[in-house]
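J.: next input, structure requested:
(chains A and B)
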Amino acid sequence: MKWLLFAWKNVLRNRRRSLMALGITAVGTAAVLVGGGFAIFTYDTLREVSARDTGHVILAERNFFGGDEDLPMQNGLADSDALAQRLRGLPGVRAVLPRLQFSGLISNGDKSAVFIGNGVVPETDFRVRGVQTGFVEGEPFAAGTAVPEVAIGKELAKLMKAKVGSSLTLLATTTEGSLNAVDVIVRGVISVGAPEIDRRLVLTDVAAVQKLLLTDKVSTLSVYLKDTADTDAFAARLAAEHPQLALRTWFDLALFYQSVRALYDRIFGMLGAIMLVIVLFAMMNTLGMAVAERTREIGTLRAIGTQPAEIVRNFVLEGVAIGGAGALAGMAIALGVTVFLTFSGIQMPAPPGRSVGYPLLIHFDAGLYALTGLAVVAVSTFAAYLASAKAARKPITEALAHV
Amino acid sequence: MTPGTSSAPVVRFAAVTKNYRVGDTLVRALRGVNLEVRAGELIALTGPSGSGKSTLLNLCGLIDAPDEGAREIAGRPVNGCSEAQLTSMRREKIGFIFQNFNLVPVMSAYDNVEYPLLLLGTPAAERRARVQEALERVGLGGLAARLPDALSGGQRQRVAIARALVKSPALVIADEPTGNLDSTTAAQIIELLRELTHERGAAAVVATHDERMTQHCDRVVRLVDGAVQ
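T.: Reported below is the predicted structural model:
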């Protein structure tokens, strides 16, 4: 405790210089925490978006993922109802949703366009996916209506000049290789925020799609868990229990999440590294000047029996004091920014390939704060060591003669 | 304790030589110096500038090493000791008093005097008692909380003496301890140093130009051109 007090008194010896180092450390710490907090917020948001879109664990027939089909649903999953029922009984499972992917032409009678469709169980699907359904017009469609109902992408609606209540025709190749068509009514217009997808997207009742394609199979079963963190363990269990099926997790299919994460990890990792180097230089400058000014004092302390390692320890404690205080100040700044952004409502512009922005929020992560604080203190310690190690071993007679 | 020839030597130098190289020139700072200083003895090292006083003082204080010759401090041969061992010996056996006081400016008088005891790991209660006693002995009992900047030159040197003697060293090294003091204060400091070294049985080696100082010493060792006269 005495040594720490001694170090603190030395920190206050040249207040302006110490304050400068502390300020640089605080700003560096805050920058890392704000940048890291933004990255974590983005990861968390994208993870939940991805998991809600695809389900946490996706089960399919063995050759479904990456396998070419000669005919639609050749690699479809048979007896999906029984399997879904079994999966719903497993602990941690929130919902099991069948999905049937199909494609074809959509027509308004005057013109046609290619669509990519998804057959879903509307009631359950919209409930589980919640806000992600993205209805910009109309409402979720119902299952089992006499004329099948659909929701179509915003851009596709424009292309087809369709509104809620419009009648369109879906044309697709059946599992037998022939063409089949069904008239549908537009019940909703949706946007997933990506114009490329909105130009092709059709959602409708899975039963209607099975009737159109002449099949009782589905493409996949999406298992939604209560907690995303359980995904890997649950997937491992399912893989062991159903070796005959192919299995993917939300992460495997979340290519956008993966690329954003890879990009942000590099950007914010580099930002963190640069900040730590700046802190290192600031601390080395401050402590290096302190060491130079106190060379004779170092000689005196060495003469009266202080070991070089104890001299270094004293400077390391000063580094820890400045670095620790700077880290705490930086954390306070980052917390202030986090709270401000939470209530400010500032929006980020739409990312490339997307049509809607998202709120600028900073995630508070205790682990990130602890890790950043430790890194700053470690860098300060290292800087103090570098600044003082040589002076502590300088010949005492030279140190005492230093002017 | 009074100095006596029967007590064991605290400092024993035998044929100690020290050379420096300044550019291409070899400076023979000490030439085969023999020296013994016994417990309780206060000796003055005198001589003109460049005679080797500071070099001999540094060698006595174990902050420099000779090129040749043998040294014993407090009965222990120091030739071949590692830097860590020499530091430990300085910590336990040697007190230093400098011309410019060399107090740590951010430490109070109390903290400066306490520092050597902290290095020795002295328990807190004993530290308090010994620091207080040392400060009172040098007449600064009421100024313990003051920083060096708030003390006069004489008071600072008293703090330095208390710092040197608080651990009851076997040897006190003083380099021109009155060099920066007025004559009245210098006389007080000389008397104090003499009293304390005798009282505590410490050997003291004082490098000085000050005639007043030499008068109070038990013995005067005069150096000329690196040799004892």
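
J.: just give the closest residue to whatever residue of the stretch 151-300 of chain A ends up closest to chain B, not the sequence neighbours.
T.: The nearest approach of the stretch 151-300 of chain A to chain B comes at A:Thr300, 4.2 Å away (Cβ to the nearest Cβ). Just so you know, the C-beta spots here come from the backbone N, C-alpha and C atoms, and that holds for glycine as well. With Cβ to Cβ, 6 or more residues apart in numbering or on different chains as the criterion, A:Thr300 has its nearest non-adjacent residue at 4.2 Å, and that residue is B:Asn102.

J.: please identify the helix or strand for the residue most central in space within chain A.
T.: Central residue check for chain A by Cα atoms, centre = their mean: the C-alpha nearest the mean position is that of A:Tyr43, 0.9 Å away. Assigned by DSSP states H and E, A:Tyr43 falls within helix A:15-54.

J.: from the centre of chain B, give me the residue that's furthest out.
T.: B:Asp24 (32.4 Å).

J.: quick one on the thing from earlier: does the residue nearest to the centre of chain A touch A:Ala262 like I think?
T.: No: with contact defined as Cβ atoms under 8 Å, A:Tyr43 does not count as touching A:Ala262 (11.1 Å).

J.: and the stretch 251-400 of chain A, which residues reach chain B?
T.: By the rule Cβ under 8 Å from any Cβ of the partner chain, the part of the stretch 251-400 of chain A lying against chain B is A:296-297, A:300-308, A:310, A:395-397, A:400.

J.: quick check, the residue in the stretch 1-150 of chain A closest to chain B?
T.: Minimum separation of the stretch 1-150 of chain A from chain B (Cβ to the nearest Cβ) falls at A:Lys9, amounting to 4.0 Å.

J.: find the nearest non-adjacent residue to that residue, please.
T.: Per Cβ to Cβ, 6+ apart, closest to A:Lys9 is B:Val106, 4.0 Å.

J.: next, the contact list for that neighbour, please.
T.: A:6, A:9-10, A:12-13, B:147 (Cβ atoms under 8 Å, 6 or more residues apart in numbering or on different chains).

J.: ok, now B:Ala44?
T.: B:Ala44 neighbours (Cβ under 8 Å, 6+ apart): B:206-208, B:213-214, B:217, B:219-221.

J.: which residue is the nearest non-sequential neighbour of it?
T.: Closest residue in space to B:Ala44, ignoring its immediate chain neighbours: B:Cys217 at 4.0 Å, by Cβ to Cβ, 6+ apart.

J.: that neighbour falls within a strand, correct?
T.: No: counting by DSSP: H, G, I helix; E, B strand; the rest coil, B:Cys217 is not part of a strand but coil.

J.: next, give phi and psi for it.
T.: When read as degrees, to the nearest 10, the backbone of B:Cys217 gives phi -90, psi 160.

J.: surely it meets B:Leu42?
T.: Yes: B:Cys217 lies in contact with B:Leu42 (Cβ under 8 Å); the separation is 4.9 Å.

J.: higher neighbour count, these two?
T.: Per other Cβ atoms under 10 Å in any protein chain shown, whichever of B:Cys217 and B:Leu42 has more neighbours is B:Leu42, with 25 against 22.

J.: near chain A, which residues of chain B show up?
T.: So far as Cβ under 8 Å from any Cβ goes, chain B lies against chain A at B:58, B:61, B:63-64, B:83-84, B:87-88, B:90-92, B:94-96, B:98, B:102, B:104-107, B:111, B:115-116, B:118-120, B:163-164.

J.: I'd like to know which of those are buried.
T.: B:58, B:61, B:63-64, B:87-88, B:90-92, B:94-96, B:98, B:102, B:104, B:106-107, B:111, B:115-116, B:118-119, B:163-164 (16 or more other Cβ atoms under 10 Å in any protein chain shown).

J.: could you point out the longest helix in chain B?
T.: For chain B, the helix that runs over the most residues, judged by DSSP state H, is helix B:183-200.

J.: can you map out the strands along chain B?
T.: Assigned strands in chain B, in chain order: B:9-22, B:25-38, B:42-46, B:68-73, B:76-77, B:94-97, B:171-175, B:203-207, B:219-224, B:227-228 (criterion: DSSP state E).

J.: oops, could you answer that again for chain A instead?
T.: For chain A, strands defined by DSSP E occupy the ranges A:57-61, A:93-107, A:112-120, A:135-138, A:149-153, A:167-173, A:179-190, A:201-205, A:220-225, A:245-249, A:347-348, A:358-359.

J.: deepest-packed of those, please.
T.: Highest mean neighbour count of the strands of chain A: strand A:149-153, a mean of 27 (counted as mean count of other Cβ atoms under 10 Å in any protein chain shown).

J.: contact partners for B:Ala187?
T.: For B:Ala187, the contact set (Cβ under 8 Å, 6+ apart) comprises B:Arg212.

J.: not counting its neighbours along the chain, what's nearest the residue in chain B that chain A sits nearest to?
T.: Residue nearest to chain A within chain B: B:Arg91 (2.6 Å; Cβ to the nearest Cβ). Closest residue to B:Arg91 apart from its sequence neighbours, by Cβ to Cβ, 6+ apart: A:Gly305 at 2.6 Å.

J.: show me the contacts for the closest residue to chain B within the stretch 201-350 of chain A.
T.: Closest approach between the stretch 201-350 of chain A and chain B, counting by Cβ to the nearest Cβ: A:Gly305, at 2.6 Å. Residues near A:Gly305 by Cβ under 8 Å, 6+ apart: B:87-88, B:90-92, B:94, B:116, B:119-120.

J.: could you rerun that using 10 Å?
T.: A:Gly305 is in contact with B:62, B:86-96, B:115-116, B:119-120, B:167, B:169, counting by Cβ atoms under 10 Å, 6 or more residues apart in numbering or on different chains.

J.: okay, it: pLDDT?
T.: Note on A:Gly305: pLDDT of 95.

J.: what about A:Met380, distance to chain B?
T.: Actually, residue A:380 is Ser rather than Met. A:Ser380 sits at a distance of 20 Å from chain B (criterion: Cβ to the nearest Cβ, to the nearest Å).

J.: quick one: that residue from A:Ala325, how far?
T.: 10 Å (Cβ to Cβ, to the nearest Å).

J.: overlap in contacts of these two?
T.: Common neighbours of A:Ser380 and A:Ala325 (Cβ under 10 Å, 6+ apart) are A:21, A:25.

J.: which of the two has more neighbours?
T.: Shown here are A:Ser380 and A:Ala325; by other Cβ under 10 Å, A:Ser380 has more neighbours (30 against 19).
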